[in-house]
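*Asks:* Sequence plus the predicted model coming up.
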Amino acid sequence: MAYKMIQVGTGGFGSRWCSTFLPPNIEDGLIEVVAAVDVNPDALLNAQKHLGLRADQCYIDIKKAFAENKADFCTVVVPPGLHEQVVDLALAHNMHILSEKPIADTLAASIRIANKVKQAGKKMAVTMSHRFDQDKTTLREEIRSGRHGTLDYLICRFTCDCRLYGSWGASFRHEIADTLMIEGAVHHLDILADLTGAKCDTIYAQTWNPKWGEYGGDSQGMVQMYMENSTRAFYEGAKTNAVGLNGWSNEYIRAECEKGTLIMSHREIELFPYKSGYKKEGEGERVPLLQQRKWSHAWLIEKFVHWLDG
């Protein structure tokens, strides 16, 4: 039986859920979308167009949507400051939760949500989609294969020209505090720890917003991480640079290993074995990307359903 779900948020990135992430899992018989919610009536057209929902299955009032539609779980694809409200309502209606990152906009709210979900005995997952992206998954398999020896350290670059208001998609990203950390680095720091295979023991970050960045919070940052297995990582994140070198999903990650250097950039990976001499990027050995039908959010939704199965 397909799990019944309610899609909360169908505009902005929620439109991608409707058009790209949910349909493969509907086709596989894993989920059935019984309702959709968005405060913008125009955004609900995405649910009608891509998910085949009727107009009476689309709501601007989330309380009414949850009251009128019995579902096994809901998604949370709304700004971080609203996550806790949706979680509270979902738990009140005995639903599991699949939420966009981050858990919430503050540490205190994140802790409250974790405690509420645990006390309710429900399951909640957060879409750390970089862990399930094709290029990052391939890089992780290469690092953990043992073919390149011990991992020493990682470097990650995420640099963009999104300094003007509205250029980073939804306007809330230009208004909230710590926007780089909450909306960008949450994925990058997570994938760095994942690639090392260990939890982060010590982390030090400096963030700021240059005078030409049209943000209410810090849009630039540099982070050093030291892991429990003694590997290290450095992160450069920037939303207000003059040029975008490695933007969203096209990040640069360099893995320095005992027997070789692996470079992932713009969704391609190359290997420079030890004793390759001095080389420049593009002169390494191409590493073929892993192949499968689903990646990123689509794969995550499938895995979430299997988790609900036990």
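*Replies:* In hand now; what should we look at? Residues are numbered from 1 along each chain as shown.
*Asks:* For Thr137, list the residues it contacts.
*Replies:* 131, 290, 295 (C-beta atoms under 8 Å, 6 or more residues apart in numbering). From N, CA and C alone the C-beta is placed, and that goes for glycine too.
*Asks:* Just the buried ones from these?
*Replies:* For the contacts of Thr137, a burial check counting by 16 or more other C-beta atoms under 10 Å picks out 131, 295.
*Asks:* Next step: the contacts of Thr137 restricted to strands.
*Replies:* Nothing among the contacts of Thr137 maps onto strands, per DSSP state E.
*Asks:* Filter the contacts of Thr137 down to just the ones in helices.
*Replies:* Here DSSP state H is the test, and the contacts of Thr137 give no hits in helices at all.
*Asks:* how about the contacts of Thr137 in JSON lines, adding pLDDT?
*Replies:* Formatted as JSON lines, these follow (pLDDT from 0 to 100):
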{"residue": "Arg131", "pLDDT": "95"}
{"residue": "Leu290", "pLDDT": "98"}
{"residue": "Trp295", "pLDDT": "98"}
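*Asks:* Among the contacts of Thr137, which one sits closest to Asn209?
*Replies:* Here the nearest of the contacts of Thr137 to Asn209, counting by C-beta to C-beta, is Arg131; it sits at 28.3 Å.
*Asks:* Quick check: which element contains the nearest residue to that closest one once chain neighbours are set aside?
*Replies:* Take Arg131 and drop its neighbours on the chain: the residue closest to it by C-beta to C-beta, 6 or more residues apart in numbering is Asp194, 5.4 Å away. Taking DSSP states H and E as the definition, Asp194 sits inside helix 186-196.
*Asks:* After that helix, which helix or strand is next?
*Replies:* Next along the chain after helix 186-196, taking DSSP H and E as the criterion, comes strand 200-208.
*Asks:* Adjacent strands (with direction) for the next helix or strand after that following strand?
*Replies:* Toward the C-terminus, strand 200-208 is succeeded by strand 220-227 as the next helix or strand (DSSP H and E). In the sheet, strand 220-227 lines up against strand 200-208 (antiparallel), strand 232-238 (antiparallel) (DSSP bridges).
*Asks:* circling back: which residues does the helix holding Asp194 contact?
*Replies:* Here helix 186-196 makes contact (C-beta under 8 Å, 6+ apart) with 101-102, 128-131, 136, 139-140, 143, 151, 154, 156, 158, 199-200, 203, 223, 225, 227, 229, 231, 233, 235, 237, 251, 253, 255.
*Asks:* how about it: buried residues?
*Replies:* For helix 186-196, a neighbour-count test (16+ other C-beta under 10 Å) marks 186-193, 195-196 as buried.
*Asks:* want to throw the residues you listed into CSV with distance to Tyr3 and pLDDT?
*Replies:* Formatted as CSV, the buried residues of helix 186-196 follow (distance: C-beta to C-beta, whole Å; pLDDT from 0 to 100):
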residue, distance to Tyr3, pLDDT
Val186, 26, 94
His187, 26, 95
His188, 31, 97
Leu189, 31, 97
Asp190, 26, 96
Ile191, 27, 97
Leu192, 32, 98
Ala193, 30, 97
Leu195, 31, 98
Thr196, 34, 98
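*Asks:* Which single one of these is nearest to Ile31?
*Replies:* Of the buried residues of helix 186-196, the one sitting nearest to Ile31 (C-beta to C-beta) turns out to be His187, at 23.6 Å.
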